[in-house]
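Peer 1: would you be able to build a 3D model of this:
(2 chains)
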Number of protein chains: 2
Amino acid sequence: MKHERIAILAHGRFPERAKTAIGVMRYGDTEVAAVLDRETAGSRVHDHLTETDAARIDDAPIVESFPEALEMASGEDGRKGDGGSGIDALLVGIAPIGGGFEESWRPDVRAAIEAGCDVVAGLHYFLNDDEEFARLAAESGVDLYDVRDPHEGIGVADGAAGDVDATVVCTVGTDCSVGKMTTTMEIVEVARERGIDAAVVPTGQTGILIEGWGNPIDRVVADFAAGAVEEMVMERGDEHDLLVVEGQGSIVHPAYSPVTCGILHGAMPDALVLCDEAGRDVIHGYERFELPPIDEYVDLYESLGSAVHDCSIVAGALNTRTIEDDDRARKAVSALGDDLHAPTTDPVRFGADPIVEAIVSEVPPE
Amino acid sequence: MKHERIAILAHGRFPERAKTAIGVMRYGDTEVAAVLDRETAGSRVHDHLTETDAARIDDAPIVESFPEALEMASGEDGRKGDGGSGIDALLVGIAPIGGGFEESWRPDVRAAIEAGCDVVAGLHYFLNDDEEFARLAAESGVDLYDVRDPHEGIGVADGAAGDVDATVVCTVGTDCSVGKMTTTMEIVEVARERGIDAAVVPTGQTGILIEGWGNPIDRVVADFAAGAVEEMVMERGDEHDLLVVEGQGSIVHPAYSPVTCGILHGAMPDALVLCDEAGRDVIHGYERFELPPIDEYVDLYESLGSAVHDCSIVAGALNTRTIEDDDRARKAVSALGDDLHAPTTDPVRFGADPIVEAIVSEVPPE
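Peer 2: Model prediction:
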């Protein structure tokens, strides 16, 4: 699944609701030739990013359709006619609630396959199960990658993840899409800068797309959810000194809490980092459900986690993207820190150092 | 999936570790012609049951193999030669950890299919995916029922189960196999005797086999686990006054907690009944994990459940099958009641009345 130059489909959702797209652009090492978004077509990626993100993400044109992306990419670098098209894969960079495939994306996926490009998606709807796409892919000799399709052989957890040599940290959240994947990536980057042998354990489609391996826990049968996490921790836990397990959902989420619970018990973390978003006060997409106060999250995550393996929340990560002013963002960060009684930062805006320091001081990696 | 006279496979596990077999014999309305168990073959079902169970379960021979069961059944009632065999289905009545198929069962399943009997199983391993069984079944014109195979179309929860008219009660447990399914059945029986329009919401293979419908939550992908429960509660919640949702696993179980969590949040119960087994002090099959004190369970279940929908534990159910003496059993029941600060009983041994009374008084069905 190694591609050099991709287009990312994000119709109607770039950038706020395109977390896979943004994650891959921020942390992946694949060049992005274009973003497909009918609503913002004509503008460029940098027009929509905060300064912090613009500093880390390469600029790219936003276009209406895959054929347009192809034309632009082929024209730009003169690769047209050399048998390649300038783009070697289309990535579906958005994931609606429920993980379905939207029919309005079909012409772009079809065009990509017909142009000889692989298509990569992290949807619950598998491209390989789509009759038209499967047939076209076979005809064009391209691959369809459904990264949310778990591998065969995942089974029940043994309760053994606590035995690995590495310190295991898990990001947990107040809700979906508050920054658990981002925080996970930032912690590992900063830990590595400090000379700690750290690695990400990816549990969702974006993490898997960035890291190139991982089990999509939300798509594993519920009996095996903890086992799928344990398998990864056991596989990497003696190779590294610090594993940061990407959390999913939230323990108070009306739909996704089983995934959260499976990660918490399958990973058997030594420490947790609570991720929150400034201004979020109801569950995203489930507005009838108010977020409980922070101390309830602390109680829930620590007591549920510790029922299987002793753990505590050692740091907080606040996503302050909705706050423009830096001072106000710092105040929000410090308010979460007060509620948590633990070091807190916005890892994207202010760096993940306080989190890594808290981990090193509370649960030192060997 | 309606059968009149079945044989139940329970090799090496009858009766203690054959909870599906016992559940179907106790609560199902299908006649059991024989039990297959090589270890206890030659004895009879009643030789292995407590007095309480013997009063509710019909006696039957225990035999070595399906052909022997068939011979016995055909001989007994003279059905041999009328085109039928005296047995119309073989039920796999045991479910090892992991839900695998044991190869030592193959000759019996093969023999059943060849004799024109359906085969019903609740394993993670699907009989329909077994090449030999699928081929034989097609040849013999019989059906293989994998009740743990979820139906198509199960999706993400909407967080809507709290809206149904019925009072929703959920059984929750200190561990697997402590009596949640049994308690569920007993509550509904007693409630009906009292004129309450009550129904079971089955979430596991045994409950589904007894009730003839239901979603196997442990086999649904983790993202949809809560949704699969919600779907059932929504489907039946306006037809009855009391729904009792069969719990699964335990919130402190190293492998199965995601299933527990999905049921708790998908069902959005008004009240919980905590099920425990006398003398159980470590997780079954995971002996490194001690059961926490009862008050920790109360905190965990109530706080986790209430994060989505207000609920509390209103009663306890203690499985005292390991205690022979009635007085000692009563003392154990009363000790759990003290820990819970709630009415407690052994619903099989002493009746479920105290639980139903607690439900009626705390969360009266409309």
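Peer 1: could you give the number of residues near A:Glu277?
Peer 2: A:Glu277 has 22 neighbouring residues, counting by other CB atoms under 10 Å in any protein chain shown. All C-beta atoms are positioned from the backbone trio N, CA, C, and that covers glycine.
Peer 1: residues contacting it?
Peer 2: A:Thr174, A:Asp175, A:Ser177, A:Val178, A:Gly179, A:Leu318, A:Asn319, A:Arg321, A:Thr322 (CB atoms under 8 Å, 6 or more residues apart in numbering or on different chains).
Peer 1: show me the shaky parts of chain A.
Peer 2: A:75-85, A:366 (pLDDT under 70).
Peer 1: weed out the non-buried ones from the contacts of A:Glu277.
Peer 2: Those of those that meet the buried threshold are A:Thr174, A:Asp175, A:Ser177, A:Val178, A:Gly179, A:Leu318, A:Asn319, A:Arg321, by 16 or more other CB atoms under 10 Å in any protein chain shown.
Peer 1: just name the closest of those to A:Ala166, please.
Peer 2: A:Ala166 has its nearest neighbour among the buried ones among the contacts of A:Glu277 in A:Gly179, at 23.0 Å by CB to CB.
Peer 1: roughly how far apart are the spatially closest residue to the closest one that is not a sequence neighbour and B:Ile62?
Peer 2: Counting by CB to CB, 6 or more residues apart in numbering or on different chains, A:Asn319 is the residue found nearest to A:Gly179 once chain neighbours are left out, at 3.9 Å. Shown here: A:Asn319 relative to B:Ile62, a distance of 62 Å by CB to CB, to the nearest Å.
Peer 1: repeat for A:Gly100
Peer 2: 50 Å.
Peer 1: comparing these two, which shows the higher neighbour count?
Peer 2: B:Ile62 (23 against 13).
Peer 1: helix, strand or coil for that one?
Peer 2: Using DSSP: H, G, I helix; E, B strand; the rest coil, the structure places B:Ile62 in strand.
Peer 1: repeat that for A:Gly159.
Peer 2: Three-state call for A:Gly159 (three-state DSSP): coil.
Peer 1: what is the burial count for it?
Peer 2: 24.
Peer 1: can you check A:Pro365 too?
Peer 2: Residues near A:Pro365, counting by other CB under 10 Å: 20.
Peer 1: okay if I get the contacts of A:Glu277 as CSV plus distance to B:Leu136?
Peer 2: Formatted as CSV, the contacts of A:Glu277 follow (distance: CB to CB, whole Å):
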residue, distance to B:Leu136
A:Thr174, 53
A:Asp175, 50
A:Ser177, 49
A:Val178, 52
A:Gly179, 54
A:Leu318, 60
A:Asn319, 57
A:Arg321, 60
A:Thr322, 62
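Peer 1: now those in TSV, with secondary structure?
Peer 2: Output for those, formatted as TSV (three-state DSSP):
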residue	secondary structure
A:Thr174	coil
A:Asp175	coil
A:Ser177	coil
A:Val178	coil
A:Gly179	coil
A:Leu318	strand
A:Asn319	strand
A:Arg321	coil
A:Thr322	coil
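Peer 1: quick one, strands of the stretch 101-250 of chain A?
Peer 2: A:118-121, A:144-146, A:167-173, A:198-201, A:242-245 (DSSP state E, counting those that start in this stretch).
Peer 1: what number of residues lie near A:Ile285?
Peer 2: Not quite, residue A:285 is Gly, not Ile. A:Gly285 has 18 nearby residues by other CB under 10 Å.
Peer 1: actually A:Glu131, not the one I wrote
Peer 2: 7.
Peer 1: that one and A:Asp59: what is the separation?
Peer 2: 38 Å.
Peer 1: for A:Ile263, what are its contacts?
Peer 2: Residues near A:Ile263 by CB under 8 Å, 6+ apart: A:Cys170, A:Thr203, A:Ile217, A:Ala225, A:Ala226, A:Val229, A:Val245, A:Gly247, A:Gln248.
Peer 1: if we check chain B, which of those residues are in contact?
Peer 2: A:Ile217, A:Ala225, A:Ala226 (CB under 8 Å from any CB of the partner chain).
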